[in-house]
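> build me a model from this:
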Amino acid sequence: MTSSSAPAPASPGAPQPLRPLRRLTARGREESHRVSSPLELFFDLCFVVAIAQAGSGLVHAVAAGHAGEGVLNYAMLFFAIWWAWMNFTWFASAYDNDDALYRVVTLLQIAGVLVLAAGVSRAFADRDFALVLIGYVIMRMALASQWLRAARGAEGPERTMALRYAGGVLLCQVGWVGLVALPAPARPWVFLVMAIAELCVPVYAEKNHSTSWHPHHIAERFGLFTIIVLGETISAATVAVRSAVAEHDAFAELLPIAAGGLLIVFSAWWIYFVVPIHGHLRSNRQSFLWGYGHYLIFASAASIGAGIEVAVEEAVGKAHISTSAASAAVTVPTALYLLTVWALHSRHFKVGLAQQLVLPVTALLVLCCTFLGGWAVPAAGLVSAAAVATGTTLTARTAGRGRPADAAAAAS
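Residues are numbered from 1 along each chain as shown. Here you go, the predicted model:
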């Protein structure tokens, strides 16, 4: 079976599915009809397993009254998951030849994330990051081997770039050992230093030569992962409500939370996909900022589901926190999601001050909902839905005013 993303044979750099092993050469940005391959979709689904485990750990920490520690552990674990996913996605957009060796190495990366997922609960409960580190190293070593393979098939600046990527990835693995070797109080600082080092690797590697990533393919890959993360949010919240109803027979108390959570997730989906972002990704400077910013989009989207679970547990008396704290577990990540999507996506397509203010004002109103007690989540859902309605109305009015001018221009 060949990848569904394989372009027409005439495309330069296109994979030719004729032999099990082929040179790993760069694909072209001019390829038409470039879409995600079945292997990439499988890769995403396996990564969501790790995201689900991280969300579960966050729920238990926040519900037990250890929000600060839980958020810190979640941020570190989610970075490892997100960074490995993003690096593979960017590499695959430029070098996916879909041969047997490429598939095997990708499956090895999937095995790494499953090992990481298996260590998440221990990292939250006992601050033991050993298994998480092993899984991360497996993923990163596999990626480094892909870059070395790409370097073998390249020359000149492209070869230098690939070797820089491989060297940077391997060098960073040494630093990550500090998360296991050093005492717990020092780990956040080690994480911060190493996260910055990891983020600098692509900037350094591509300073003289850029990978031939495909804008439409990258936009689709990030969009699909957003859908999968939001789907995991709905799944986690549904399981929490079902369990609470079965154990406490509290359907009436939980219905507003479930409805509000559903409105938030539906609105999150609508707001993300309302603009065609691939047209904005024209250079490495734009794409790096956009891609790095998705750490906040993915992390906040996943933690909305965790927050809904916390709100459900608080409503049935299982959480050892106040109603306001449980509400904040939903409203804070929702506000962060809205602001980040506005900064990365929406502001580039909004016309006029009114359109630009919709999402920032909505984020502020969602935060204000935190103090509405048991009605905080449904209120935040209604505010999010109102933002969608307002944005749609303003966009329609702007388009309506532009039609006569467009018609006159066409007639002249």
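> nearest the middle, which residue of this protein would you pick?
With distances taken as C-alpha atoms, centre = their mean, the residue of the chain nearest its centroid is F298 (3.2 Å).
> check which helix or strand covers it.
Element membership for F298, per DSSP states H and E: helix 284-315.
> what mean pLDDT does that helix have?
Per-residue pLDDT values across helix 284-315 average out to 89.
> picking up where we left off before, need the contact list for the residue nearest to the centre of the chain.
Counting by C-beta atoms under 8 Å, 6 or more residues apart in numbering, F298 makes contact with 51, 78, 82, 225-226, 229. C-beta: built from backbone N, CA, C; applies to glycine.
> top of those by neighbour count?
Ranked by neighbour count (other C-beta atoms under 10 Å), these have I51 at the top, with 29 neighbours.
> where does it fall, secondary structure wise?
Per DSSP H and E, I51 falls inside helix 38-63.
> what of A329?
In the assignment (DSSP H and E), A329 maps to helix 323-344.
> and V275, by the same measure?
Remark: V275 resides in no helix or strand, with elements defined by DSSP H and E.
> excluding its backbone neighbours, what's nearest it?
Of all residues not flanking V275 in the chain, F349 sits nearest, at 4.5 Å (C-beta to C-beta, 6 or more residues apart in numbering).
> the one you found: how many residues sit nearby?
14.
> likewise for F251?
11.
> Q355 now?
For Q355, using other C-beta under 10 Å, the count is 18.
> just the element for it, please.
For Q355, the host element (DSSP H and E) is helix 352-368.
> for that helix, packing partners?
Applying 3 or more C-beta pairs under 8 Å, 6 or more residues apart in numbering; DSSP states H and E, we find helix 352-368 packed against helix 323-344, helix 376-411.
> quick one on the thing from earlier: so can I have JSON lines of the contacts of F298 showing distance to A326?
Listed next are those as JSON lines, based on distance: C-beta to C-beta, whole Å:
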{"residue": "I51", "distance to A326": "21"}
{"residue": "F78", "distance to A326": "21"}
{"residue": "W82", "distance to A326": "26"}
{"residue": "F225", "distance to A326": "28"}
{"residue": "T226", "distance to A326": "25"}
{"residue": "V229", "distance to A326": "22"}
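> helices - which of these land there?
51, 78, 82, 225-226, 229 (DSSP state H).
> pretty sure E220 contacts S36?
Yes. Between E220 and S36 there is a contact under C-beta atoms under 8 Å: 5.8 Å.
> pick out whichever of these two has more residues nearby.
With neighbours defined as other C-beta under 10 Å, E220 and S36 compare such that S36 has more, 22 against 18.
> secondary structure element holding that one?
For S36, there is no host helix or strand (DSSP H and E).
> please report phi then psi for it.
phi -70, psi 140 (degrees, to the nearest 10).
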